[in-house]
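Chemist: Quick one: sequence plus predicted model below, questions after.
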Amino acid sequence: MRIAIIGTGYVGLVSGVCLSEFGHQVVCIDKIADKIDRLKAGEVPIYEPGLDDLIARNVAAGRLSFTTDLAGPVAEADAVFIAVGTPSRKSDGHADLRYVFAAAAEVARAVQGFTVVVTKSTVPVGTGDEIERIIHEANPHADVAVVSNPEFLREGAAIEDFMKPDRVVIGMNDDRARQIMADIYKPLDAEKHPVVFTARRTSELIKYAANSFLALKLAYINEIADLCEHVGANIQDVSLGMGLDTRIGRKFLNAGPGYGGSCFPKDTLALVKTAQDHSAPIRLIETIVGINETRKRAMARKIELAVGGDLRGKTIGILGLTFKPDTDDIRESPALSIVQALLDKGARLKAYDPEGMPAFSETMPDLDYKSGIGEVADGVDALVIITEWSHFRDLDFADLAKRMKRPVLVDLRNIYDRKAVAAAGFEYHSVGRAD
Ligand code: NAD
């Protein structure tokens, strides 16, 4: 199959590379020339484990290329994937579809022969209908079928998720498109990685329903963690005791500073808006959106209490800025809200993250960024773990205690054993572990 991917970001690049690994002929397109130039030069513009090797292999095999030219590859493609961003619209929280619609109009002008236009971006119910309308308005002769194929990959494990997905969801109302989509995903073992064929609107909704459910689990366990602190219980044992029930499952039951990232915050908000627009409000998700926002800033209060109730004149060392480990993505990271709240309360901050500092410093240029854990620890009143990078799972407490003004550790990811940290002479604060 000849495939064009529009948008070479976290999803478009991983999808394109993995589809070429399936054996398809793939061209990844982006309008940012610098990104394409770097890819052509063998550089990978995002941090995603394993991606560099996979790109090199498929480029060398002649199956994968990069360009800023949309028209050429789209004209030759059997399928065009739209994988551009759909951020929250600032005015009302709805998914901002302007990049998707602009890409659709460009596709309309370039397509030749029957072409499947696949929406990989996360888009609200009914977007496929609008894409179809835009294409036919821009080019009444275009012979296209518009398909929804939402992406469920997780940054940091994106290749594994794409190559071995729990499921592939494909929504369409056209038999020719069904055949092409089936051929694209044919290399997957259907027994292990089932493909769910459904109607386009249903497919669009599956993505939001799935993400909002995972966000719901996180918001729920975070509230149970708060209760643990008040009643003298341990959230990790609660999570284990709950999660071993196969009806519940253990994933997404780790209490922490609130969910972030480029998906959950915007997708929960977009589902809320879609549901309200259709007079079928989903109160449950409306509630967790609020809970999560409040929670991120509330973590600053936890840090404040850990240093005696006043942050003025105190220096805090921050470990971890990305919304989760193994990515350089800081979009909606809890660190953004926590850092801002700490600054508002008068703290001085030092920070280190293995991959997230370039992006974080664009938003917050005035933090004191350091190149390692030790430098962050020098002279601080407390260290705070916000992201659970593996680097932070093995801290040298003896060295840190010598460097820090006071040996206080606030572990917002519960990665340490409370007794072991206390034995190293540290005052330890974590989430939902009062016992
Ligand atoms: P991103 O911002 O990393 O990448 C989008 C890219 O599209 C950018 O490089 C941008 O320059 C490019 N682009 C925009 N308009 C273009 C055009 N007309 N022509 C060519 N290039 C264009 O976004 P992302 O994180 O990859 O997310 C893309 C979509 O996938 C979103 O809808 C998101 O919700 C969804 N999604 C993301 C993830 C994730 O983990 N990041 C997971 C599942 C789904």
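Modeler: Great, that's in hand. Numbering: from 1, shown residues only.
Chemist: domain assignment for this protein?
Modeler: The chain is divided into the following domains under automatic domain parsing: 2-198, 207-435.
Chemist: and the shortest one, is it in reach of the ligand?
Modeler: So the one you mean is domain 2-198. Yes: counting by Cβ under 6 Å from any ligand atom, contacts between domain 2-198 and the ligand involve 6-12, 29-32, 35, 70, 83-86, 99, 102-103, 106, 121-122, 151, 153, 155. The C-beta positions use only the backbone N, C-alpha and C, and glycine is treated the same way.
Chemist: Out of those residues, name the ones that lie in strands.
Modeler: The strands, defined by DSSP state E, take in I6, I29 from the residues of domain 2-198 next to the ligand.
Chemist: From the residues of domain 2-198 next to the ligand, keep the buried residues only.
Modeler: 6-12, 29-31, 35, 70, 83-86, 99, 103, 106, 121-122, 151, 153, 155 (16 or more other Cβ atoms under 10 Å).
Chemist: Now intersect the residues you listed with the helices, please.
Modeler: Y10, V11, G12, K35, Y99, A103, E106 (DSSP state H).
Chemist: from memory the fourth one sits against P45, does it?
Modeler: Yes: taking contact to mean Cβ atoms under 8 Å, the distance of 5.0 Å between K35 and P45 places them in contact.
Chemist: Now the common contact residues for the two.
Modeler: Common contact partners of K35 and P45 (Cβ atoms under 8 Å, 6 or more residues apart in numbering): T8.
Chemist: For the stretch 151-300 of the chain, which segments count as strands?
Modeler: 168-171, 195-198 (DSSP state E, counting those that start in this stretch).
Chemist: for these, which one sits closest to F392?
Modeler: Closest approach to F392 among the strands of the stretch 151-300 of the chain is made by strand 168-171 (34.5 Å; Cβ to Cβ).
Chemist: what about the stretch 151-300 of the chain, any weak spots by pLDDT?
Modeler: Across the stretch 151-300 of the chain, nothing is flagged by pLDDT under 70.
Chemist: tell me which element A341 falls in.
Modeler: helix 334-344 (DSSP states H and E).
Chemist: Ok, F360 next?
Modeler: Using DSSP H and E, F360 sits within helix 357-363.
Chemist: if I look at the closest residue to Y259 other than its chain neighbours, how far off is the ligand?
Modeler: In space, Y259 comes closest to L218 once its chain neighbours are excluded; the distance is 4.8 Å by Cβ to Cβ, 6 or more residues apart in numbering. Using Cβ to the nearest ligand atom, to the nearest Å, L218 is found at 15 Å from the ligand.
Chemist: again, but for V169
Modeler: 12 Å.
Chemist: contacting residues around that residue?
Modeler: S148, N149, P150, F152, V195, V196, T198, S203, I206, K207.
Chemist: G425: which of the residues you listed is nearest?
Modeler: F152 (44.0 Å).
Chemist: neighbours of that closest one, just the number please.
Modeler: 18 (other Cβ atoms under 10 Å).
Chemist: In contact with it, which residues?
Modeler: Per Cβ under 8 Å, 6+ apart, neighbours of F152: D161, P165, D166, R167, V169, K207, A210.
Chemist: For the stretch 251-400 of the chain, what lies in contact range of the ligand?
Modeler: S262, C263.
Chemist: excluding its backbone neighbours, what's nearest the residue of the stretch 201-350 of the chain found nearest the ligand?
Modeler: Distances between the stretch 201-350 of the chain and the ligand by Cβ to the nearest ligand atom are smallest at S262, namely 4.5 Å. Closest residue to S262 apart from its sequence neighbours, by Cβ to Cβ, 6+ apart: R331 at 4.2 Å.
Chemist: pretty sure that neighbour contacts G260?
Modeler: Yes: if you go by Cβ under 8 Å, R331 and G260 touch, sitting 7.5 Å apart.
Chemist: Which one of the two is surrounded by more residues?
Modeler: It is G260, of R331 and G260, that has more neighbours when counted by other Cβ under 10 Å, with 25 against 20.
Chemist: so what's the closest residue to that one other than its chain neighbours up against?
Modeler: Distance criterion Cβ to Cβ, 6+ apart; nearest residue to G260, sequence neighbours excluded, is F323 at 3.8 Å. Shown in contact with F323 (Cβ under 8 Å, 6+ apart): G260, G261, S262, D329, I330, R331, E332, S333, P334, A335, T387.
Chemist: ok, now S333?
Modeler: Here S333 is in contact with G260, G261, L321, T322, F323, G356, F360, I386, T387 (Cβ under 8 Å, 6+ apart).
Chemist: please redo it, this time with the cut-off set to 7 Å
Modeler: G260, L321, T322, F323 (Cβ atoms under 7 Å, 6 or more residues apart in numbering).
Chemist: The last one and F252, how far apart?
Modeler: Relative to F252, F323 is positioned 14 Å away (criterion: Cβ to Cβ, to the nearest Å).
Chemist: now swap in the third one and tell me
Modeler: In this structure, T322 lies at 18 Å from F252, with Cβ to Cβ as the measure.
Chemist: Neighbour count: the two, which is higher?
Modeler: The residue with more neighbours, out of T322 and F252, is T322; 29 against 18, by other Cβ under 10 Å.
Chemist: What is the neighbour count of the residue nearest to that one when sequence neighbours are not counted?
Modeler: Leaving out its chain neighbours, the residue that sits closest to T322 by Cβ to Cβ, 6+ apart is G356, at 3.8 Å. Using other Cβ under 10 Å, G356 has 24 other residues around it.
Chemist: Now do the same contact list for G356.
Modeler: G356 neighbours (Cβ under 7 Å, 6+ apart): L321, T322, D328, I330.
Chemist: can you tell me which two in those are farthest apart?
Modeler: Longest span within these, Cβ to Cβ: L321 and D328, 9.5 Å.
Chemist: Those two: which is more packed in?
Modeler: Set L321 next to D328 and count neighbours by other Cβ under 10 Å: L321 wins out with 30 against 21.
Chemist: The more buried one is in contact with A359, isn't it?
Modeler: No: contact between L321 and A359 fails when scored by Cβ atoms under 7 Å: they sit 8.2 Å apart.
Chemist: any common contacting residues for the two?
Modeler: With Cβ under 7 Å, 6+ apart as the test, L321 and A359 both reach I330.
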